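# Sequence isn't available, so here's the structure alone:
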């Protein structure tokens, strides 16, 4: 299989699930690596950089949600939780901590393949600028390295999920972006969990951009309507 094919890292302590996912993904043209324990998974990340991480929350050696949060902060991979925890609060928490999607067990492997393809399409974004660098308000966003750099050269990392939101704003500066438009562009089921996940990601972006939470100058909340990014943006 070509090294150009997307790499999916599978972390689940159940051998049957790992095999089922790997078989379905490889048949669909993906490369895969599989791990039963978080320690093995983290060691594997030092050797390769997956495009997507499938993470089970019920791990024998690590808290799954803590691992998801760390991945969101340190990895550029899309993160999809696969878990038997079906409560709404579990889904909300997973998305708030940085996951891009949440799939409940039991599941159909074809659904997982479809969700991964959709997530990668959104990550590439056919309508997105081809440039990986945007400059605005004294900041430079490097989407290939998931970094924000201020005028003094100080670097701040952002997660894959935060980068999706930031890119959406920078592609449409000075224009209202509604919740419905965000849901359509970023994917995920509309509802409380999506809204709360967006609120958390936007709050984190404001913090990283040094915004006053009570009076942000760049990412404005238009109550009852959505958000607007104020400022000039230069790509490339």
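Arrived safely, thanks for sending. Here the structure is a predicted model, which is why all the values come from computation and not from measurement.

# which residues sit against the lowest-mean-pLDDT helix or strand in the chain?
Scoring the helices and strands of the chain by mean pLDDT, DSSP states H and E places helix 88-96 at the bottom, with a mean of 79. The contact list for helix 88-96 (C-beta atoms under 8 Å, 6 or more residues apart in numbering) reads 57, 65, 68, 81, 83, 102, 104, 188, 192-194, 196-197, 200. Every C-beta, even on glycine, is put in place using the N, C-alpha and C of the backbone.

# Which secondary structure elements does the host helix or strand of residue 121 sit against?
Counting by DSSP states H and E, the element that carries residue 121 is helix 109-124. Under the contact definition 3 or more C-beta pairs under 8 Å, 6 or more residues apart in numbering; DSSP states H and E, helix 109-124 sits against helix 15-27, strand 52-55, strand 78-83, strand 101-104, helix 160-171.

# re earlier: now do the least confident helix or strand of the chain and helix 160-171, the angle between them.
Comparing the axes of helix 88-96 and helix 160-171 via axes from the mean of the first three to the mean of the last three C-alpha atoms, to 10 degrees yields an angle of 60 degrees.

# With mean pLDDT, mean neighbour count and distance to residue 226 as added columns, please give the helices and strands packed on helix 109-124 in JSON lines.
Below are the helices and strands packed on helix 109-124 laid out as JSON lines (pLDDT from 0 to 100; neighbours: other C-beta atoms under 10 Å; distance: least, C-beta to C-beta, whole Å):
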{"stretch": "helix 15-27", "mean pLDDT": "97", "mean neighbour count": "16", "distance to residue 226": "35"}
{"stretch": "strand 52-55", "mean pLDDT": "96", "mean neighbour count": "26", "distance to residue 226": "28"}
{"stretch": "strand 78-83", "mean pLDDT": "92", "mean neighbour count": "24", "distance to residue 226": "24"}
{"stretch": "strand 101-104", "mean pLDDT": "88", "mean neighbour count": "20", "distance to residue 226": "22"}
{"stretch": "helix 160-171", "mean pLDDT": "90", "mean neighbour count": "22", "distance to residue 226": "11"}
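
# Of all these, which one comes closest to residue 121?
Closest approach to residue 121 among the helices and strands packed on helix 109-124 (C-beta to C-beta): strand 78-83, 10.9 Å.

# what's next to that closest one, contact-wise?
Contacts of strand 78-83 (C-beta under 8 Å, 6+ apart): 12, 17, 21, 51-58, 64, 68, 71-72, 90, 94, 98-105, 107, 112, 115-116, 119-120, 123, 160-161.

# Check the offset of the helix holding residue 121 from the chain's centre.
Mean-position distance between helix 109-124 and its chain equals 12 Å (C-alpha atoms, centre = their mean, to the nearest Å).

# Need the mean per-residue confidence for that helix.
Averaged over helix 109-124, pLDDT sits at 82.

# Buried residues in the least confident helix or strand of the chain, which are they?
90, 91, 92, 93, 94, 95, 96 (16 or more other C-beta atoms under 10 Å).

# angle of it against strand 78-83?
Orientation check (the same axes, to 10 degrees): helix 88-96 against strand 78-83 gives 160 degrees.
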